[in-house]
Every structure is written in C-alpha cells, then in structure tokens.
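here is a sequence with its predicted model. Questions after.
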There are 2 protein chains.
Amino acid sequence: MANWQSYLEDNQEQFQAEMLEFLRIPSISSLKAHFQDVAKAADWVAARMKKAGIEQVSVMETGGHPVVYGQWLNAENKPTILIYGHFDTQPVDPLELWDNPPFEPVIKDGKVVARGASDDKGNMLVPILAVEALLAAEGSLPVNVKFIFEGQEEIGSPQLPAFIESYKDLLACDLVLSADGGQWGADQPALWVGLRGLCALEINVMGANSDLHSGSYGGVVQNPLHALVQLLASMRDSQGNILVKGFYDDVRDLSEQDRERIAAVPFNEAEYKEALGIDALFGEEGYTPYERGWARPTLEINGMWGGFQGEGIKTVLPNEAHAKISCRLVADQDPKDILECLKAHIKEHSPAGVSISLEVEESTANPYLMPAEHPGNKVAGKILEQLYGKEPLYVRAGGSIPFCSLILEQLGVYTVVFGFGLKDEKAHAPNEFFRLSSFEKGQKAYCLLLHKLAETSAEALRTL
Amino acid sequence: MANWQSYLEDNQEQFQAEMLEFLRIPSISSLKAHFQDVAKAADWVAARMKKAGIEQVSVMETGGHPVVYGQWLNAENKPTILIYGHFDTQPVDPLELWDNPPFEPVIKDGKVVARGASDDKGNMLVPILAVEALLAAEGSLPVNVKFIFEGQEEIGSPQLPAFIESYKDLLACDLVLSADGGQWGADQPALWVGLRGLCALEINVMGANSDLHSGSYGGVVQNPLHALVQLLASMRDSQGNILVKGFYDDVRDLSEQDRERIAAVPFNEAEYKEALGIDALFGEEGYTPYERGWARPTLEINGMWGGFQGEGIKTVLPNEAHAKISCRLVADQDPKDILECLKAHIKEHSPAGVSISLEVEESTANPYLMPAEHPGNKVAGKILEQLYGKEPLYVRAGGSIPFCSLILEQLGVYTVVFGFGLKDEKAHAPNEFFRLSSFEKGQKAYCLLLHKLAETSAEALRTL
C-alpha cells in the first residue's frame, strides 16, 4: 500500500476532474430557480464522501437547503474533529463580466475558473480527498472525523441554528476545522482568530398619504427623505463612530497582544487605496485600518431610496423614504441587544410629522473570537509553518461565518479556520478562481493536521 | 346683435364640446413620445383663436415645444393686455388610479374630468372665448389684447426666456393676465401676489471603483451613502432651517401688512392635517404655515438613492449615492446666487474618501412678488368682488410660474393671476377635473375685466 503522499500525487488529475464536475452544478442558494441545483450539489457531495470511505453519509433536511453529514469514528480514544464547509455559491451577476460561463469551469494557468471554485467548493473538497488518501494509504484515520457541509452559507445560514440545536449529539466534537476560509498569501500562512457578527434592519419612513407638490407643501410638511437623513445622521458621525446609546457597551477592548498581532500583518496603504480607487481611508480615530475592519463594530447603510430617481427634475415632496442598514459586530456584542439599542435610538430620534416602521432581519450572526494561542491554533500553526516555511499571521475577518459562533455557543468548541483560498481569488465576483497548487497543498495540510491532532488530547482541544 | 352675456349663454354647450376636443389631445410636454401631440395642441389653439376673431395668429418655434401668439390691437389709446396660459399637461401616471382614461374626457356632476382640464386647458380657453363673445357682440375689444400660450410650462419653460428676449417688441404690453392660476374657493375669490422661484441640482457621490463587501471594508472605507447623509444633514436642520451660508441673505422680510394679509386667509390646521394623513405640521419657528409655504424659501430632497433596494438583505458597501434637491425661492433671492451658495456649501462639507460631482439643472425660475395694492390687482379685485360678492383674499403660491418673473424682468410689467381653477381639482394628480361653473364664470370675468381695464390708464397699469 502506498503512503498518502503518493496517493494524492497519483490522483490529482482525477481529483481535478471531479472538482470540475462539482463546479458544473449551479448551486446558487439565494435564487429560487436554483433550489434543485443546491439539492443536486448535496447529492454530489454525499456520493463523493461515500466514495472516499466516509461512513453514515446522509443528506439531511433543514427546512431550507439541506445539510450533508458523514463520519468516520473508529479512532478509539482519539479526539473527534468536525469538518465544516459549504456547497452553495453566490449568484453570478454581472454575467457580462465573466470571461467564461461561470458554471462551465476551465483550467487556465494553473487555476480553475468558475463560480464557487474558491468559495467554497474547491476548498470543501480538500478534506474529503485528504481523508480518502489516509484511508486508502493507512486503512484508518488518526482521529475521529465528522463532516457537516451546508447549502445555505451564502444566504446567512437561516436554518442552521435550529439544525445544530436538534443534532447536538450527532455533531458533538472536540474541535472544528473550517474548510471555508483562506491563507494570507501564496507564501504566507495565516490563522483566523476572529470574525465579525451581523444584524440588520430596514427603516421605512412614511409621510403624507401621497406624494406632494414641493411648491405647495415644501416648508410646511415634513419630507420623509429629510427625516430619514436626519435619523441616519444621528446614528453615526463623520468618522464612523456610532452614536447609538449602548452600542459599544459590550465591545471587548483590544489587548496589547491583540494589537501587536494585528500590527504584524503587513499593510500597504498606498496599494490598498489604489486597488479601490480611493484617495483616503476612513474610520475611527485611534485604530489602524485592520483594527477598524477586524476588531471594531460598524453600522453601514447598505441601501437607501425614496422619491424621484429618473432623469432631469421632478419637484416632488415624496411620501416615503427607506434605508437598509446592517451592523458588523465584534466580541462580546450580542446581535439581539444591538437590535434593541438601534430600535430604542430610532424611537427616540424619530422626527415629528412622519411615522417610522422597522423590518428587523431575523437572521443574525454572533461575533466569533478565539484565543490566538488556543491548542487547536497551535497544532494548525505548526502544520502551516511546516508547509510554508513561515510562521502564520494571526488575522481576523471583517465578515461573518455564522457557523463558527453557532458551534461555539451550542457545542462549546472552537473552530480553527483551515482553508486555502486567497484574497485575490474573486470570491463573490466575476471570474472567481482557485489555484490548483492551493488545492493540492490543502490536501497535504489536512493529512498532516489530522495526524498531528491525534497527538493532542481531546481535553486540550476543548479548551475554552 | 346680442350682448356678450347672451352670446356666452347661447354658446356654452358648443364651448364645452370644444373644451372636450382640446382635452383629447394628449399634450404631455415631458414625454418624448408626446412631442407631436404638444404641436397638435398648439395647432388646435391657433385654429380656435382664429375662429374667435383674434388676428395675426401664429405658431412660433422656440427650439422646444412651440408658443402660440395672437393679437387684437385696434383699441386706439387704450392699454395693451397680454394674456398668458399653457396648453401642455402633466403626465398621467399612476394611470390605474384614474376612473376614466385621462385623455377621454367625461362630464359628470357639472365637472369635466380629464388630464389638463383645470391645469390649464380649460382655464386657458376662457379668455379666448371671452374675447370671441366681445368681438361677436360688440364688434371690437375695449382694450388691445395680445395672447401668448406656451407648450412647456409643465417642464419649467426651458426655451421661454430666450423666446421672450427675442420677441420683446411683439410682447410689449402694459399688464399681463395669467389664465394659469385659480381662486381660493367656489365662493371665495383671491388675488395671487407672489410665487416662489426655483433652482435644482443633483448630487452624485462616488466611492471605490466597485461595490464592496461591508464585512471586509466596513469601518475602513467611506460609505458614499453615509457621506451623502452627512452632507444633506449639513444643509438643513430638523426644523427646516437651511444651514447653507448666504442662503437667506436676500430674503425679503414679511412686512406687518404682508403678515396681516396672509393671516386673513382662513387656515384649518386639523382639516389640513387630516387631508394629508399626517399628525404634525413642520417648519421654521416664528412663521405660520402659509408664511412658511408662501414667503419663506425651502430646500427639499426630491429623490435619493444608492445601494441595494431589493427584498431582504445584501450586506454591500455601495460605491455610489445620489440625491436630487431643489429650492423654492422667495423675493429677492436670485436662483443663480443660490446655486453658487449650494455649490460652495457642498464643496466645503464634502466628506473625505469620496468624490462629489454636481449636475446643476439649467432651468431656474426667479421668485415673483407684486404689490397687493397694484392698480392691476385693484381692477381685477373689483371684478372678482362683483362676481363673488366678496372681497378677494391676497394669497401667494408656493409653486412657480416662470413666465411671471420672466415677463417682469424682461418687459417690466406685472402679471395679475386671473384663473379659475380650484385647489381641489387635482391638478397633476389622477382624476383631474374642472368645474363647468368655473369655466362659465371665468368667461364672464374676462369680459368684465377687459372692459374695466379700458377705464384705467396704461401708465397706471405699468406701475412698478
């Protein structure tokens, strides 16, 4: 029997072909027209897991897009590792910016180009193939492994909290590894120690019972657009400081060590601005750009509209105004508390002459923060160092993976983000791609990591 | 030969039929698809004027929608009166709220229901018919009369300034009568002594070179929607006071007499609020609602948009934000000066990290104010008193008729607003109508007024 290294080498061509097959399924979770395609992707994943030798594979109902579960639990007295990823993708618009059809993957210059290549189909396939290699080469796995792959990450995992609540025993483990995530660069590994949480609501401002003539009523009747502007201006100052009472109450301050770790991450302001086409950065005084984006909460207007948007002039005093806002949250903010603060602020600052109603988005995500020095990170860090020849940076992400905080709250275990996507791979954008070198490196990394985790006690991995 | 009174009585049925014919022409000036219909309405007006006995009738080019001119100048040593109106209409949307097709007029309960019935086709027909009655009954007019009817009032009369400039001699007169305008109520006459002016611009805020992920960039990169909110909030406070430097510099204060005249106009706040479905009025401290709406300038957002407007949540940090704003101006504000104040304010308050560009609307309207006691008003007031049995109120309108200030500036004459529309006739809204009783009363009023004006000297009418 060959070792896992040669198994991986011998099978790369086959694995790549399988990745292309997986990428051809247009599993866009946000679009009803693709509902069946998400289910088809779940079936594909389940079949591939079985082929790899994973046991008890099943596609499970959630009330929305399904979850695929599987396990291999024959490593007696060894830790149990839960591996996470998702098989749904973002939509593809604007379609005209793609060089090739997004669900007709092509391999070019060592990259697979397709929607979902990096986020997350290519990445989530990695641990399945690593497990196959270990089972094929060694006949067993060094640790117990469970898999949970979801089909609703790109829409905020709305059914996942209830699903995890229902299957706590099934999912019980000592550590989670997320195959959704990435490294800092092709030559620079990173460990993610924080993700921001999320809550959102829509503000609807209603004025008179119809649009009014701005000549006849301007100056006499409140304009809902001005009322909205006034309300939004009361929520955030010109530097991005949030003026909502209680908003910052539970924010955990950055320690000196946190700041040192963040400062160790290279940042080139000129390049950053040039890439975005802007002439100035922005944000709270007293924090570096990465501190602002990773460790400070935000309030952003995501959309705003009302009145006349056509060409030319229409001197209307409109009777409606709307805004969608969302907050990125950091430890130890609770999205439910923040929503209450927002509601109280809006109530207190509601201008006269209009009525305001709110639509609160039910899906929220808690912020996620794990100790950089957690045993799980230490083990993963050693593997990354071995593979890249460099110590990993300790980074955070400004976005949210609801799964990480959900699992921490419900199962009491941390998630080590162990993915191999890179920042330039155009996740969520046209011409998304995934490097074949990352695909292969990831497989090695998982084989090495699972072996290394076998040397660690379950108790240590469960450290909170 | 009958007198003009019996001529009008004998011909009402015919006049109503002609008004319906006029209303069937969908002369919407703002829509390119109706460009030919505006020309068709001009031709209709010209033909009807000729039939009335008006001389030198011609449809004149303006570079946009045409003007119809005509005259009767055989009253030697008598004043020359220029009569104004417009044959273009507003659009009809929302079409589904009309009980009948807007350009298929019906007569119901003594009202003609159609787009343009009150504003201004029914009203502008009135002086043509009055002149016909006088010429038919008396063989001549008591004063010299010129007519100017335009086809671009509803789009701000963009070509009218140049047209008037080119035809100063042709249009020279001692007083203008506007057949665009109205009375206070079916039983209460009014003289309009002021109209607000207008200027407008669009603010475009541009951020990064594409929409960004609010998780990755929120708190680090300026959000154009917040920049716009901040800028707009800096322009107007919560009571509607405008915070733009220099904005109020040229505003003429209300005299005690102005305030008394405005206070004499009945105002029922409870009814006003109920009609609009609002629970509170709004506006500058120290001014009554009518003072705010008639004699104080405003700044209103007419439209505002940017980012995600669809259903649900999209956590985007958008890269564009837009707002259209317009100002209603009062004597002695100059729209050009106000635009400069706005530009300077926007420049000074432009947030960092975004770029702001402005699109200034070229059409502006100067505010219009005439002395309540002007000889033209005195004569018109006597006729109104004779017809209604009540002295007229001295009112103003919050809206703009660019023609009135244009003629004052270029020809040095005032306009007496002598129209017979009423506030409840849904001008600019679905189910617009015009009362047949107003139609007939207007014709009588014009016959009486032209006779009365013959007793006044041209010099008195030209008083400035």
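Perfect, I can see it now. Computed from a prediction, not measured in an experiment: that's the story for all the values here. Numbering: from 1, shown residues only, chains lettered A, B, ... in the order given.

ok, now which ones touch residue A:204?
A:320, A:321, A:322, A:356, A:357, A:358, A:359 (C-beta atoms under 8 Å, 6 or more residues apart in numbering or on different chains). Where C-beta positions appear, they are placed from N, C-alpha and C, glycine not excepted.

who wins on neighbours among those residues?
Counting neighbours by other C-beta atoms under 10 Å in any protein chain shown, the top entry in those is residue A:321, with 28 neighbours.

does that residue count as helix, strand or coil?
Classification of residue A:321 by DSSP: H, G, I helix; E, B strand; the rest coil places it in strand.

just give the nearest non-adjacent residue to it, would you?
Leaving aside its chain neighbours, residue A:321 sits nearest to residue A:306 (3.6 Å; criterion: C-beta to C-beta, 6 or more residues apart in numbering or on different chains).

host element of residue A:192?
According to DSSP states H and E, residue A:192 maps onto strand A:190-195.

which strands and helices lie in contact with that strand?
strand A:368-369, helix A:375-388, strand A:393-397, strand A:415-417 (3 or more C-beta pairs under 8 Å, 6 or more residues apart in numbering or on different chains; DSSP states H and E).

which one of those lies closest to chain B?
Ranking the helices and strands packed on strand A:190-195 by proximity to chain B (C-beta to the nearest C-beta) places strand A:393-397 first, at 6.9 Å.

any residue of that closest one up close to chain B?
Yes - for strand A:393-397 and chain B, the contact criterion (C-beta under 8 Å from any C-beta of the partner chain) is met by residue A:397.

partner strands of that strand, with direction?
Each strand paired with strand A:393-397, and its direction, by DSSP bridges: strand A:190-195 (parallel).

ok now the strand it pairs with, how far from the chain's centre?
Relative to its chain's centre, strand A:190-195 lies at 12 Å (C-alpha atoms, centre = their mean, to the nearest Å).

stretch A:262-272 now?
Between the centre of stretch A:262-272 and the centre of its host chain there is 22 Å, according to C-alpha atoms, centre = their mean.

state the pLDDT value of residue A:89.
For residue A:89, the pLDDT comes out at 95.

check for me that residue A:359 belongs to a strand.
Yes - the assignment for residue A:359 by three-state DSSP puts it in a strand.

the residue nearest the centre of chain A and chain B, how far apart?
With distances taken as C-alpha atoms, centre = their mean, residue A:401 lies nearest the centre of chain A, 3.6 Å away. According to C-beta to the nearest C-beta, to the nearest Å, residue A:401 stands 10 Å off from chain B.

state the distance from that residue to residue B:324.
Distance check for residue A:401 against residue B:324: by C-beta to C-beta, to the nearest Å, it reads 40 Å.

over to residue A:432?
Here residue A:432 is placed at a distance of 37 Å from residue B:324 (C-beta to C-beta).

before we move on, what about residue A:350?
According to C-beta to C-beta, residue A:350 and residue B:324 sit 24 Å apart.

now residue A:449
For residue A:449, the distance to residue B:324 - C-beta to C-beta - is 57 Å.

what of residue A:142?
From residue A:142 to residue B:324 the distance is 65 Å (C-beta to C-beta).

show residues contacting stretch A:309-319.
With contact meaning C-beta under 8 Å, 6+ apart, stretch A:309-319 is reached by A:206-215, A:217-218, A:221, A:223-225, A:306-308, B:30, B:156, B:198, B:200, B:300, B:302-303, B:305, B:322, B:324, B:326, B:361, B:363.

cool, and stretch A:425-438?
A:12, A:16, A:90, A:92, A:94-95, A:97-99, A:102, A:107, A:110-119, A:122-123, A:182-183, A:186, A:420-422, B:213.

what's the ChimeraX line that selects buried ones from those residues?
ChimeraX command restricting the contacts of stretch A:425-438 to the buried ones, with burial defined by 16 or more other C-beta atoms under 10 Å in any protein chain shown:
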select /A:16,90,92,98,102,111,112,113,114,115,116,117,118,119,122,123,182,183,420,421,422
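
circling back: which ones are touching the closest residue to the residue nearest to the centre of chain A other than its chain neighbours?
Nearest residue to residue A:401 in three dimensions, chain neighbours excluded: residue A:195, at 5.5 Å (C-beta to C-beta, 6+ apart). Residues counted as contacts of residue A:195 (C-beta under 8 Å, 6+ apart) are A:367, A:368, A:369, A:396, A:397, A:399, A:400, A:401, A:404, A:405.

repeat that for 10 Å
Contacts of residue A:195 were listed using C-beta atoms under 10 Å, 6 or more residues apart in numbering or on different chains, and they are A:178, A:181, A:294, A:328-331, A:365-370, A:396-405, A:415, A:417, B:215.

please report how far it lies from residue A:181.
Residue A:195 is 9 Å from residue A:181, by C-beta to C-beta.

mutual contacts of these two, please.
With C-beta under 10 Å, 6+ apart, residue A:195 and residue A:181 have common neighbours A:397, A:401, A:404, A:415, A:417.

let me know the pLDDT of the second one.
Confidence per residue is given as pLDDT, and for residue A:401 that number is 86.

quick one, which of residue A:350 and residue B:324 is more surrounded?
Comparing residue A:350 with residue B:324 by other C-beta under 10 Å, the one with more neighbours is residue B:324, at 26 against 16.

do you know how far that one is from chain A?
From residue B:324 across to chain A, the span is 6 Å (C-beta to the nearest C-beta).

check which residues of the longest helix that chain A contains are buried.
Counting residues, the longest helix in chain A under DSSP state H turns out to be helix A:4-23. For helix A:4-23, the neighbour count (16+ other C-beta under 10 Å) marks A:4, A:7, A:8, A:11, A:15, A:16, A:18, A:19, A:20, A:22, A:23 as buried.

just to revisit the earlier point, would CSV of the helices and strands packed on strand A:190-195 with mean pLDDT be doable?
Converted to CSV, the helices and strands packed on strand A:190-195 look like this (pLDDT from 0 to 100):
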stretch, mean pLDDT
strand A:368-369, 96
helix A:375-388, 98
strand A:393-397, 95
strand A:415-417, 97
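
list the contacts of the closest residue to residue A:464 other than its chain neighbours.
Nearest non-adjacent residue to residue A:464, counting by C-beta to C-beta, 6+ apart: residue A:412, 6.5 Å away. Contact analysis of residue A:412 by C-beta under 10 Å, 6+ apart lists A:168, A:172, A:173, A:462, A:464.

contacting residues for the residue nearest to the centre of chain A?
Going by C-beta under 10 Å, 6+ apart, residue A:401 touches A:84, A:86, A:120, A:153, A:157, A:178, A:180-181, A:192, A:195-196, A:365, A:368, A:407, A:415, A:417, B:215.

can you list the domains in chain A?
Chain A resolves into domains spanning A:4-195+A:368-461, A:197-251+A:297-360 when parsed by automatic domain parsing.
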